[in-house]
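got a sequence here, can you model it:
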Amino acid sequence: MSITRARPAAALGLAAALWLLLPGAAGAQPRGFGIDRFSVTLEVNRDATLGVREAITFEFHGSHQGIYRTIPVRYRRGGFDYALRLDSIRVFDENVQPLRTEISRPDGYVRIKAWVPGAVNTTKTVIVAYRVRRGLFDVDDHQELYWNVTGNEWEVSIREAEVLVASPPAVPLDSVRSVAYTGYYGVGGSDYVEERADNFITIRTTRDLRPREGLTVAVAWPAGAVPRAGLLRETVWFFGDNWPLGLPLLGLALLLWTWRAYGRDPATNRSIKPEYAPPDGIIPAEAGALVAERAHPRDVSATLVDLAVRGYLRIEQTGDAGGEPDFLFRRLRPVAGDPGLRPVEALILSRLFGSDGSRDTRLLSEVRRDYDNVFPPLRDGVYRALVLDGLFPSSPGAVRSEWLVAGVALLALAGVVFVWSSDWLGVRPLTLALGLGLSGAAVCAFAPLMPRKTMRGAQMLVRVRGFQDFLERAEKDQLARMPADTLHHWLPWAIALGVSERWIFNFQGLKVDAPTWYVGRDPFSLSNYSLAVNSFNSRTEQAILTSRRGGGGGGWSGGSGFSGGFSGGGMGGGGGGTF
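Residues are numbered from 1 along each chain as shown. Okay, here's the model as predicted:
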């Protein structure tokens, strides 16, 4: 054979030899692992913690550095997030020698990584031990441990699985109930046997568990046998798991602080005592809005009556309008450009008699017909009067609206989160939406409290309250000594403060002349007068508020292991692998 022909043959022989030496060549076993035995001991401690010891026998094929075990700790219970507390995590080899470990907590799991020396084509047992808090539950008339022993996330078969459950301290074994489930997640298989001896319940599978099959156990004993954590600790845990639900509490605290700092009226150091005349410098509508911190349609009625009492107009009750009394406003003197009128009074008169004041009469039913919800500009006029007179630093209506807008925005955001969001910041959309929604509701509830009076406004409120007290409680002998027109003169204030019926009633038995500002259809009497005032207030409110119509984590949801239990249910579980 020539040298030239020998060289290709030598090269082919060398390549074949190298191929035989490569990993996996010549029938080499591929890298992988299996689980020969999965043995778990569960011990319920006197402090309601659960001691867990997992002895997992791995069959290593090929070269491995170690194993990892993943345990879910985030669940749903009663519609809320519920997290286990895993601590005291330790990993040992089969000789109970500690192994190097690395613990992380990714996305609702505890991940335990352990380095196993000599994990090359061999069988080794790894012991994982840890303590669990919040692993026990009160269900109906019993306490229960519902535990996913092996987990349903292993990608390999488990030849044999068993669990030894120690009866809780001082609980007789014959008073302990138990049941187990095998199979894939959600399946209630019963491929197991149970033994009871001494103080232990042993449950062992009777067949191999295929990949992603598992063993779950439920054990129950009489209620109260194991003391639970205190209410304070349970509360802290609950809000730790569902922190968005703490947002309303935090928001409430901030709202209280904000109200105390910016919404609470300044202290006047003056007590309320009867005032026998209304305070100077404000009109009845302002008095009503000052007390309620909001304008009301009766403030407009009070202003109309006040203008009539002062001689700008007369109010006459006319025939029925749609089955109800109607009222005619008759202008008695020029109103355009009158310096004696406040801006809000001029605005109200312009709605009755035109912007130039040229009309002489107008029916209340015509106001209802011709105007679309005339109240908002009148309301804003009252708020401007409160600010101009130094009773509020800014419009109470605007302040209230700003807070309401903020609250409604939070409610809207809660709806968006609930409909469109997935798990965010480690919490579920419903929990976050509920927290935002309750926060928004709290802001809306506080909105009416946020308008703050000035010192002058707070002092004026004391005087108005004192006059209101007089209007409600005035005695007949006191009223008899007052001017004859007292009833009519102060009626606008009684209307604005919501005590007109009581004010008129106080004059029962006294001689009272008919008013000059009002002409009724029936003979004058206090009872007819009271009915007419009530009717006027009601009809005015309807007229100014009328709007004209135009044309066109873990797999457990919190149930009991004895009612609808299944493989993969309860706490614990997870899976693992090698690296």
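
buried residues in stretch 306-321?
Residues of stretch 306-321 classed as buried: 306, 307, 308, 309, 310, 312, 313, 314, 315, 316, 317, 321 (neighbour count, 16 or more other C-beta atoms under 10 Å). All C-beta spots, glycine's among them, are computed from the backbone N, C-alpha and C.

isn't the third one right up against residue 533?
The reference is to residue 308. No: with contact defined as C-beta atoms under 8 Å, residue 308 does not reach residue 533; the gap is 11.8 Å.

biggest separation within the buried residues of stretch 306-321, which pair?
Distance extremes for the buried residues of stretch 306-321: the farthest pair is 310 and 321 at 26.4 Å, using C-beta to C-beta.

ok, which stretches of the stretch 401-550 of the chain are helices?
429-446, 455-473, 476-480, 486-489, 491-496, 500-505, 526-545 (DSSP state H, counting those that start in this stretch).

so which of those helices is the most surrounded?
helix 491-496 (a mean of 28; mean count of other C-beta atoms under 10 Å).

now that helix: mean pLDDT?
For helix 491-496, mean pLDDT rounds to 96.

go on, stretch 143-157?
Stretch 143-157 shows an average pLDDT of 88 in the prediction.

buried residues in it, which are they?
143-154, 156.

can you give me how far that stretch is from the chain middle?
Relative to its chain's centre, stretch 143-157 lies at 34 Å (C-alpha atoms, centre = their mean, to the nearest Å).

mind exporting the C-alpha coordinates of that stretch to PDB?
Listed in PDB are the C-alpha atoms of stretch 143-157, where the atom choice follows Å, rounded to 0.1, in the frame of the first residue of the first chain:
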ATOM      1  CA  GLN A 143     -58.500  22.000  62.900                       C
ATOM      2  CA  GLU A 144     -56.900  20.700  59.800                       C
ATOM      3  CA  LEU A 145     -53.600  20.100  58.100                       C
ATOM      4  CA  TYR A 146     -54.000  19.900  54.300                       C
ATOM      5  CA  TRP A 147     -50.600  19.300  52.800                       C
ATOM      6  CA  ASN A 148     -49.300  18.500  49.300                       C
ATOM      7  CA  VAL A 149     -46.600  16.000  50.300                       C
ATOM      8  CA  THR A 150     -44.600  15.500  47.100                       C
ATOM      9  CA  GLY A 151     -45.800  18.400  44.900                       C
ATOM     10  CA  ASN A 152     -47.200  18.000  41.400                       C
ATOM     11  CA  GLU A 153     -44.400  19.800  39.500                       C
ATOM     12  CA  TRP A 154     -41.800  17.000  39.300                       C
ATOM     13  CA  GLU A 155     -40.900  16.100  35.700                       C
ATOM     14  CA  VAL A 156     -39.900  12.600  36.700                       C
ATOM     15  CA  SER A 157     -41.600   9.600  38.200                       C
END
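
switch the buried residues of stretch 143-157 over to CSV; also include distance to residue 399.
Output for the buried residues of stretch 143-157, formatted as CSV (distance: C-beta to C-beta, whole Å):
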residue, distance to residue 399
143, 53
144, 53
145, 55
146, 53
147, 56
148, 55
149, 60
150, 61
151, 57
152, 57
153, 56
154, 61
156, 66
